[in-house]
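# got a predicted structure here, sequence first:
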Amino acid sequence: MPRLDNMNILCVIPARGKSKRVTNKNIWTLQGKPLISHTIENALESKLCDKVVVSTDDQKIAEIAGYYEIDAIKRPANLALDTSAVDDALRHAVKHLEKKQGFFTDIVVFLQANVPIRKKGEIDKVIAKLKSIKDATSVVTVYAADQRPEWMKKIDPKTDRIIPFMKPTNLYRKQDLPELYLLDGAITAVKRKVLMDTEGFRKIHAFLGERVYPVIHDRKYSIEIDELEDIELAEYFLLKEKGYKVSL
């Protein structure tokens with residue numbers, strides 16, 4: 001994809017080593033290499049990203065980044081907690097590169113390290129869409145939700161009864177309901193100014209700005225590795241992407 005402007009595009013892969021729920025998941029082995037390697041390789045295939053970096057608090061993850069000859073930005077301890085916001089890690093990476101390397105970016109691409117399967121060329125598709133829509137603050141990958149909040153229930157803590165999660169609907173067929181989508185974190189592209197201007201905002205997805213546009217893809221491109229069981233599912237789709245005949 002030819003470059004039509006002089007915009008700098010930075011790709012950041014945040015990857016913590018420590019986690020209360022799952023420790024070291026970003027270096028679990030998937031198809032013979034660390035999980036994060038799949039995301040790094042996806043990023044390096046992009047024709048539009050000028051620089052790819054890993055933001056981490058973990059030496060082993062930093063060494064994997066070094067293997068691919070990309071920078072590993074050491075994340076401060078206060079940005080590597082379970083309660084730390086990932087967008088703060090993105091801002092830290094942007095500031096670090098500006099101060100230490102004089103690299104100033106216009107667009108920040110964020111790839112989750114535990115999402116190993118991405119559609120070929122889709123990173124550049126997301127970037128191109130953000131660049132082409134003048135009023136866009138960000139572009140994100142999404143997939144169609146198959147569960148409906150209109151039909152979901154919650155448990156009343158006072159009575160222990162099941163009650164509607166939201167106002168009951170008289171629509172019983174999925175096709176009669178509006179399509180809903182989930183942001184999956186596989187690929188996110190946000191304008192630098194929007195990212196920096198939303199620092200300190202703590203509402204969900206605030207760092208994406210107010211004009212977020214989608215790139216819709218199949219759910220297999222949003223598989224997150226959070227449990228060991230997820231490895232098997234990712235293996236299946238990775239092999240299918242390569243043309244192998246496999247079954248679950």
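Looks like it arrived, so ask away.

# list the buried residues in the helix or strand bottoming out on mean pLDDT in the chain.
Least confident helix or strand, the chain: helix 228-241 with a mean of 87, by mean pLDDT, DSSP states H and E. For helix 228-241, burial by neighbour count (16 or more other CB atoms under 10 Å) applies to D230, I231, A234, Y236, F237, L238. For the C-beta atoms, the positions are set from N, CA and C on the backbone; glycine is no exception.

# again, but for stretch 145-165
E150.

# now it: average pLDDT?
Mean pLDDT, stretch 145-165: 93.

# give me the distance between the two termini of that stretch.
Using CA to CA, to the nearest Å, the end-to-end distance of stretch 145-165 comes out at 17 Å.

# returning to that earlier point: closest to R75 among the buried residues of helix 228-241?
Comparing those against R75 with CB to CB places D230 closest, at 24.1 Å.

# how much space separates the closest one from A145?
Distance, D230 to A145, using CB to CB, to the nearest Å: 19 Å.

# leaving out the residues flanking it, which one is nearest to the most centrally placed residue in the chain?
Closest to where the C-alpha atoms of the chain average out (CA atoms, centre = their mean) is G185, at 2.6 Å. The shortest distance from G185 to any non-neighbouring residue, by CB to CB, 6 or more residues apart in numbering, is to Q112 (4.4 Å).

# now do whichever helix in the chain runs longest: everything it contacts.
Assignment by DSSP state H gives helix 86-101 as the longest helix of the chain. Residues from elsewhere that reach helix 86-101 (CB atoms under 8 Å, 6 or more residues apart in numbering): 10, 12, 14, 51, 53, 55, 71, 73, 75-76, 79-80, 103-105, 108, 110, 192, 195-196, 198-199, 206-207.

# for stretch 32-44, same thing?
Stretch 32-44 is touched from outside by 11, 13, 15, 25-31, 49, 52, 54, 61, 64-65, 68, 70, 109, 111-118, 123, 225, 238, with contacts defined as CB under 8 Å, 6+ apart.

# quick check: buried residues in it?
For stretch 32-44, by 16+ other CB under 10 Å, it's P34, L35, I36, S37, H38, T39, I40, N42, A43.

# by contact count, what packs against the helix or strand hosting I163?
Here I163 sits within strand 162-164, counting by DSSP states H and E. Counting by 3 or more CB pairs under 8 Å, 6 or more residues apart in numbering; DSSP states H and E, the packing neighbours recorded for strand 162-164 are strand 153-155.
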